[in-house]
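Chemist: return a 3D structure for these sequence lines:
(chains A and B)
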There are 2 protein chains.
Amino acid sequence: MRDSIMQAMYVRELGEFGLIERLSKQVAASTSVSQEKSTATTSLTVTIGDDTAAWTVGGVTELLTTDTVVEGVHFTAETSTWKTVGWKCLASNLSDIASMGGTPTFAVVTLGLPEDTLVEDMDNLYTGLLDAATTYGVTIIGGDIVASPVFFMTIAQTGVIEVAPMLRSTARPGDQIAVTGTLGASAAGLAILQGETASDGSDVTSLIETHQRPRPRIGDGQALVKAGVLCAMDVSDGFLSDLRKICIASGHSAHIKAADIPVHPSAIKALPQTALGMALNGGEDYELLFTASPDVIASLQGVLESGFHVIGTITEGESGVVRVVDRDGEPLGIDVQGWDHLKT
Amino acid sequence: MRDSIMQAMYVRELGEFGLIERLSKQVAASTSVSQEKSTATTSLTVTIGDDTAAWTVGGVTELLTTDTVVEGVHFTAETSTWKTVGWKCLASNLSDIASMGGTPTFAVVTLGLPEDTLVEDMDNLYTGLLDAATTYGVTIIGGDIVASPVFFMTIAQTGVIEVAPMLRSTARPGDQIAVTGTLGASAAGLAILQGETASDGSDVTSLIETHQRPRPRIGDGQALVKAGVLCAMDVSDGFLSDLRKICIASGHSAHIKAADIPVHPSAIKALPQTALGMALNGGEDYELLFTASPDVIASLQGVLESGFHVIGTITEGESGVVRVVDRDGEPLGIDVQGWDHLKT
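Modeler: Below is the predicted model:
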């Protein structure tokens, strides 16, 4: 009895990434068995651990990803409307397709609905969802509706790519590290929606818009692949946390200059004290973080719709270490915080 | 103010199928727009309204379905172990692939986890999930883990088929209606797990096993397609309710002889008063319900691993009407009840 009490461990102690690692090992141990039985028609090329999985079928690479929102965890009535919940849930899936360089195709949508859910709210949810779907060429082809004590929405999204997709594991020492667009706007928008006071005269509309209706970088992802970029992921859990994932997957370190981080100008103006921290650890930016040789990076000038900034380099060194330095080359006093869904 | 109160409608008033119909119309209205933008690489062939969606890519048809379980709604600690929750959630997805005649390939798994979830329980969940995955040749290739006040698990499952899949909409007047295996065992097993008293000396083990670890009819689905069967679906919401879906999708009626329904023998013995009702309306049987010409049906003798019974015919008549008659040809006093996830 005492043994079983001592062994009891809650998932919040492992955290999201600890639990994923643990379950992934169990999956890997059984995968050799199931792959022997699988069809010869499809060939798995990317499995657990990247932004999407991928397999080849008939000469094409198919992509599959899934992303979920839970009311009270990922959004509240204070931070969102039902239209923006629908838009954002699809957009976060599409951002994963973008990070591979793919073209989104189809989605299936699962709704978990409390019994007091209003039909009108679901109409609005679908209006936002379909707005994103038509904007990015996605067709909703099915799903599931179940009763649940809490509202949740899970989307599984497919995509295609005709060449090899970009991965997290292909960063090489000497690569420059770059990011599309700007960082920190989503976290700043969220803070303002939650009641933080913005500086006088600052423009909070674009911050709130970025938080509620992020724009997945589909076209830019495709342009990166075309230019020869091999390594990318999207910034969803937080820039430093996500960069660390690239470093772990690739087995290298990263060196980042804080002064080169493209913090969203309205975030700096509205929340000058916290904007840099939000850019580094805020999350939900849905920009593309990528690495490539200086030549490839140079070839991207003027090519990306959302622009990009070079912010550091991949270095030899311990796997997963990210160093951030200030203007004087001194280590910045900031921790990698990133979003962990289970740790409290 | 009064207007908005009068218009407010809860989803439980529409029910699962009413809400699906409403949202599907919204999807259909926007689909012509998004399809124009979609890639030329893939071509959608089956959309919302069948057991899976389907599209062709490189000469192959890919299938995609999704299914969810919520703790307290679909299972409780009384009716399941974590191992059987993992097995059953994958099996219910695989049953959809089976109903199209396909071969399952890949799955992505989403977990919504309360903070007091035990790691050991998740290990057991994955043991059951992977047991089903290796049994049916599925590889788990990714997923998502989020915090949630209630445990839920959503699986999105892909499959492939080299010919046109079976559909709900292809039943024709004169077709015989048949079902694989037997019906009612899952509902009987659930009733016994929930405390119903079985008759003395009856074997409840197989009933509980059928409820907790259903066997998707993958091989039989493939055999049906090979034999030329065009119309099938799986029995998940309840036999009569599911047959009505075939009748609605095909625009015809059905005539069923209650005496020919293959009620599971242990269910009859354990719960003689309620077994027929459970076979007709119980749900979660995960057998295949199919229709075909008498010649095609005759060719199936000895071919299906789980056997089959002919139980009626598709007739001209009002779309969606299912008539059940007793031995004397008199209408049976039983309603189509089937599972609706939202109606209370």
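Chemist: three-state assignment of the residue nearest to A:Asp144 when sequence neighbours are not counted?
Modeler: Counting by C-beta to C-beta, 6 or more residues apart in numbering or on different chains, A:Asp144 lies nearest to A:Thr110, which is 4.5 Å off, once chain neighbours are set aside. Bear in mind the C-beta positions are built from the backbone N, C-alpha and C, glycine included. Taken by DSSP: H, G, I helix; E, B strand; the rest coil, the conformation at A:Thr110 corresponds to strand.
Chemist: again, but for the one 10 residues further on
Modeler: Following three-state DSSP, A:Glu120 is assigned to helix.
Chemist: right, and it touches B:Met9 too?
Modeler: Yes: with contact defined as C-beta atoms under 8 Å, A:Glu120 reaches B:Met9; the gap is 7.3 Å.
Chemist: neighbour-wise, which of those two wins?
Modeler: Neighbour count, other C-beta atoms under 10 Å in any protein chain shown: between A:Glu120 and B:Met9, A:Glu120 has more, with 14 against 11.
Chemist: do you know how far that one is from B:Arg217?
Modeler: 40 Å (C-beta to C-beta, to the nearest Å).
Chemist: what sits against the residue nearest to A:Asp144?
Modeler: A:Gly143, A:Asp144, A:Ile145, A:Val146, A:Phe152, A:Met153, A:Thr154, A:Ile155, B:Thr66, B:Thr68, B:Thr154 (C-beta atoms under 8 Å, 6 or more residues apart in numbering or on different chains).
Chemist: one more time with 10 Å
Modeler: Each residue near A:Thr110 by C-beta atoms under 10 Å, 6 or more residues apart in numbering or on different chains is listed here: A:66, A:68, A:142-146, A:148, A:152-156, B:66-68, B:110, B:152, B:154-156.
Chemist: how about A:Thr84?
Modeler: A:75, A:91, A:124-125, A:128, A:131-132, A:208-209, A:211-214.
Chemist: so which of these are in strands?
Modeler: Of the contacts of A:Thr84, none are assigned to strands by DSSP state E.
Chemist: alpha carbons of the strand or helix carrying A:Val85, as PDB, please.
Modeler: Using DSSP states H and E, A:Val85 maps to helix A:82-100. Backbone C-alpha positions of helix A:82-100 (Å, rounded to 0.1, in the frame of the first residue of the first chain) are rendered in PDB as follows:
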ATOM      1  CA  TRP A  82     -16.800  32.700 -30.500                       C
ATOM      2  CA  LYS A  83     -15.800  33.900 -34.000                       C
ATOM      3  CA  THR A  84     -12.200  34.400 -32.900                       C
ATOM      4  CA  VAL A  85     -12.100  31.000 -31.100                       C
ATOM      5  CA  GLY A  86     -13.100  29.400 -34.400                       C
ATOM      6  CA  TRP A  87     -10.600  31.400 -36.500                       C
ATOM      7  CA  LYS A  88      -7.700  30.800 -34.000                       C
ATOM      8  CA  CYS A  89      -8.200  27.100 -33.600                       C
ATOM      9  CA  LEU A  90      -7.900  26.500 -37.300                       C
ATOM     10  CA  ALA A  91      -5.100  29.100 -37.600                       C
ATOM     11  CA  SER A  92      -3.000  27.300 -35.000                       C
ATOM     12  CA  ASN A  93      -3.300  24.100 -37.000                       C
ATOM     13  CA  LEU A  94      -2.400  25.900 -40.200                       C
ATOM     14  CA  SER A  95       0.600  27.400 -38.600                       C
ATOM     15  CA  ASP A  96       1.900  23.800 -38.100                       C
ATOM     16  CA  ILE A  97       1.400  23.100 -41.800                       C
ATOM     17  CA  ALA A  98       3.200  26.400 -42.600                       C
ATOM     18  CA  SER A  99       6.200  25.400 -40.500                       C
ATOM     19  CA  MET A 100       6.700  22.300 -42.700                       C
END
